[in-house]
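Visitor: okay, here's the prediction I keep looking at, along with the sequence it came from:
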Amino acid sequence: MQQTDLADPQPKPDEPATPDEAPPAEPTALPEELTTPSEESTAPSEESTAPSEEPTASSGDESDRAVLEDSADSTGKPPGRVRRLVRSPRFQTGLTVLACVIVFAALLYPNVLKRLNPGGFARIPIEAGLGIALLILVPRRVRVVLASIGGIVLGLLIIEKSLDMGWFETLARPFDPILDWELLGDAYGFARDVYGPGWAYAAIAGIALLVLLVPALTTWAVLRVAALLGRFRKISAYTAGGVTAVWLVALLLGLQIVPKVPVAARSTVTYAWDRVTQAKAGIANEAKFAEEVKVDPFKDTPGDKLLTALRGKDVIFTFVESYGRNALEAPELAPGVNAVLAQGTTKLQQSGFAGRSGWLTSPTFGGNSWLAHSTLLSGLWINNQGRYRNLTASDRLTIPYSFKRAGWDTVSVMPGATRAWPEGTFYGYNRVWDSRNLGYQGPKFSWAPMPDQYTLKQFTELEYKKPGRQPLMVEMPLVSSHTPWAPIPEFIEWDAVGDGSVYADIAKNQKTKAETWAFSRRVKKAYGDSIEYTLTTLIDWVKNYADDNLVLVFLGDHQPSKAVSGENASHDVPITIVTKDGALLERMNAWNWSEGLKPATDAPVWPMNTFRDQFLTTFGSQSTPH
């Protein structure tokens with residue numbers, strides 16, 4: 001683009017300037033500081049026909065005197081020191097430089113925490129060149145409007161990217177501006193549990209303040225920069241061309257100062273576009289999911305054809321919180337967890353039980369356990385809150401409902417639930433036990449309202465050993481391994497569990513959450529200890545309480561957060577089926593799962609949503625042993 005295309009149009013010598021070329025009045029909406037007294041008296045306006053855009057030194061001296069004269073109050077007294085400082089040209093120049101820095105930083109602000117470093121800002125944003133070109137081409141009033149909108153958008157993008165940082169660290173995905181707002185309560189709960197309610201409240205207040213201040217600050221900065229561009233349009237045109245040219249060279253050469261971070265940045269435009277696309281995809285996904293729910297080969301299967309191979313069995317599905325592939329393969333975790341699994345395999349074999357293990361790919365990571373539960377039980381991929389709400393509002397046949405249709409007594413044991421759970425009706429449970437009716441009288445451990453050993457003991461007394469009962473189908477999440485992994489209960493003798501008050505002394509001897517999260521190695525060790533505790537408890541329960549009719553399915557819901565799993569961890573979780581019935585294990589031969597409680601590294605990996613159909617097919621009347 002030629003410079004003359006952007007320069008101010010000049011009237012012919014013998015023609016008067018048109019109204020459009022006359023200097024327009026300052027809009028009252030502009031903040032006072034955008035135009036300093038010295039600029040008003042010396043700097044030519046954007047529409048000026050003066051041959052030079054730069055104020056002379058003499059005019060600057062005069063403007064300095066004008067500042068002092070104009071700022072005197074009605075009594076004739078000179079202005080105070082603070083006012084003189086604020087109105088001085090040097091201070092106003094400093095504000096303009098600050099505004100430029102804010103806009104530059106906002107354009108390069110990342111949405112991944114590891115890029116929030118000096119190297120992440122050693123880049124050239126193409127948005128700077130495009131923005132300068134746009135602002136100097138439009139009339140002044142339009143420029144003010146565009147700058148205001150741009151500043152607000154920049155501020156909102158900074159907030160969105162900051163949320164992305166937190167979501168990437170915990171859930172390994174960006175924040176969904178449509179669906180994820182209700183998950184902020186979980187984030188607050190984590191901060192409260194780790195650092196206490198005082199710090200959690202302070203964090204909320206700080207975040208609320210930033211939500212108000214950041215858009216205001218970016219809007220002020222963009223308006224001030226826009227005013228500067230309007231006063232010096234020719235220089236601004238050269239600047240826009242130079243930024244664009246250097247950006248193109250960096251793009252074509254693939255220049256990088258930080259590895260995998262190109263100098264030629266276009267992150268703001270692409271990020272905003274991705275968010276718009278994400279919103280559109282979410283709307284389309286709603287319609288797509290409505291069709292997916294309707295496709296169900298088992299929807300109309302009569303009860304006498306469902307789960308025929310499991311007649312007379314008690315089938316328990318146990319989700320072990322945060323039990324991911326990382327627990328079995330990470331060097332700092334695997335020795336302890338694998339030792340528990342190896343000893344458990346031997347212990348259960350001595351009692352007549354055998355296990356088969358494989359891998360499932362969870363739809364979630366680091367949290368949102370209910371998405372994994374619903375995926376496994378419904379046979380649909382539930383990876384966000386929208387799909388979850390639509391699922392629970394449908395008539396999809398779930399695994400619990402198929403057991404209920406086939407004559408089982410279906411029960412949910414939810415030790416982590418602290419209020420009513422209406423979704424239990426959708427899944428098909430006859431009864432729900434939770435933290436309000438399990439009778440626990442001990443202290444809270446980590447996130448869990450009660451230890452897993454207490455949950456299993458109460459389930460045994462309330463349901464499993466109840467005389468004359470029907471065969472049970474049970475879903476029972478075990479939650480002692482839920483983040484933040486402090487304090488962690490200890491395994492004790494079953495007879496000593498009682499009402500849970502025995503755990504008071506145990507909790508006193510544990511590290512606090514704040515102490516645990518002070519060091520990453522402590523966090524990883526605490527996570528490993530929590531998995532070992534839950535697996536030890538579950539295996540010992542099978543050994544001591546299970547009868548010959550038990551079929552136990554235990555699996556992880558998702559991997560632990562990045563604080564434990566690190567970068568680029570998979571979504572894989574272990575799954576194991578334990579039974580004394582060899583005929584059931586023969587039916588699973590085609591699955592090619594590993595023997596024992598630990599899946600081999602190369603054992604089959606299924607998407608979690610495929611498990612329902614595989615399970616119903618293998619153990620239904622349409623299946624034959626392999």
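Guide: Looks like it arrived, so ask away. Residues are numbered from 1 along each chain as shown.

Visitor: the residue nearest the centre of the chain: what secondary structure?
Guide: Centroid-nearest residue in the chain, with Cα atoms, centre = their mean: W167, separated by 2.3 Å. Put simply, W167 is helix when judged by DSSP: H, G, I helix; E, B strand; the rest coil.

Visitor: what's around S520, how many residues?
Guide: The criterion is other Cβ atoms under 10 Å. On that basis, S520 has 11 neighbouring residues. Every residue, glycine included, has its C-beta placed from N, CA and C.

Visitor: these two touch, right, the residue nearest to the centre of the chain and P177?
Guide: No: counting by Cβ atoms under 8 Å, W167 sits too far from P177 to count as a contact (10.9 Å).

Visitor: spatially nearest residue to the residue nearest to the centre of the chain (excluding sequence neighbours)?
Guide: The shortest distance from W167 to any residue that is not its chain neighbour, by Cβ to Cβ, 6 or more residues apart in numbering, is 4.4 Å, and that residue is F175.

Visitor: looking at this structure, which helix or strand is least sure?
Guide: Comparing every helix and strand of the chain by mean pLDDT, DSSP states H and E singles out helix 37-42 as the least confident one, with a mean of 38.

Visitor: in this protein, which helix has the most residues?
Guide: Criterion DSSP state H: the longest helix present in the chain is helix 197-231.

Visitor: can you name every helix or strand that it contacts?
Guide: In terms of contacts (3 or more Cβ pairs under 8 Å, 6 or more residues apart in numbering; DSSP states H and E), helix 197-231 is packed against helix 89-108, helix 126-137, helix 140-171, helix 184-195.

Visitor: now do the helix or strand following it: which elements does it pack against?
Guide: Towards the C-terminus, the helix or strand next in line after helix 197-231, according to DSSP states H and E, is helix 233-253. For helix 233-253, the packing partners by 3+ Cβ pairs under 8 Å, 6+ apart come out as strand 124-125, helix 126-137, strand 264-265.

Visitor: isn't K543 right up against T346?
Guide: No: contact status for K543 versus T346: not in contact, 10.8 Å apart, counting by Cβ under 8 Å.

Visitor: neighbour count winner among the two?
Guide: Set side by side, K543 and T346 show more neighbours around K543, with 14 against 11, by other Cβ under 10 Å.

Visitor: which element is that one on?
Guide: Per DSSP H and E, K543 falls inside helix 520-545.

Visitor: that helix: how far from the chain's middle?
Guide: Taking the mean C-alpha point of helix 520-545 and that of its whole chain, the gap between them comes to 26 Å (Cα atoms, centre = their mean, to the nearest Å).

Visitor: now stretch 447-466
Guide: Here the centre of stretch 447-466 is set off from its chain's centre by 32 Å, with Cα atoms, centre = their mean.

Visitor: first to last residue in it, what's the distance?
Guide: Start and end residues of stretch 447-466 are separated by 30 Å (Cα to Cα, to the nearest Å).

Visitor: got the buried residues for it?
Guide: Buried residues in stretch 447-466, counting neighbours by 16 or more other Cβ atoms under 10 Å, are found at 447-460, 462-464.

Visitor: re the thing from before, check contacts around the residue nearest to the centre of the chain.
Guide: R173, P174, F175, D180 (Cβ atoms under 8 Å, 6 or more residues apart in numbering).

Visitor: out of the residues you listed, who has the most neighbours?
Guide: The most crowded member of those is F175, carrying 23 neighbours; neighbours defined as other Cβ under 10 Å.

Visitor: now do the SS call for that one.
Guide: Local secondary structure at F175 is given as coil here, using three-state DSSP.

Visitor: and the gap between it and K161?
Guide: Distance, F175 to K161, by Cβ to Cβ, to the nearest Å: 9 Å.

Visitor: for the stretch 301-450 of the chain, which segments count as strands?
Guide: Counting by DSSP state E, counting those that start in this stretch, the segments of the stretch 301-450 of the chain that form strands are 314-320, 354-361, 409-414, 431-434.

Visitor: with mean neighbour count, distance to G282 and mean pLDDT added, can I get these in a markdown table?
Guide: Conversion of the strands of the stretch 301-450 of the chain to a markdown table gives the following (neighbours: other Cβ atoms under 10 Å; distance: least, Cβ to Cβ, whole Å; pLDDT from 0 to 100):
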| stretch | mean neighbour count | distance to G282 | mean pLDDT |
| --- | --- | --- | --- |
| strand 314-320 | 23 | 27 | 98 |
| strand 354-361 | 22 | 22 | 98 |
| strand 409-414 | 22 | 29 | 97 |
| strand 431-434 | 18 | 31 | 96 |
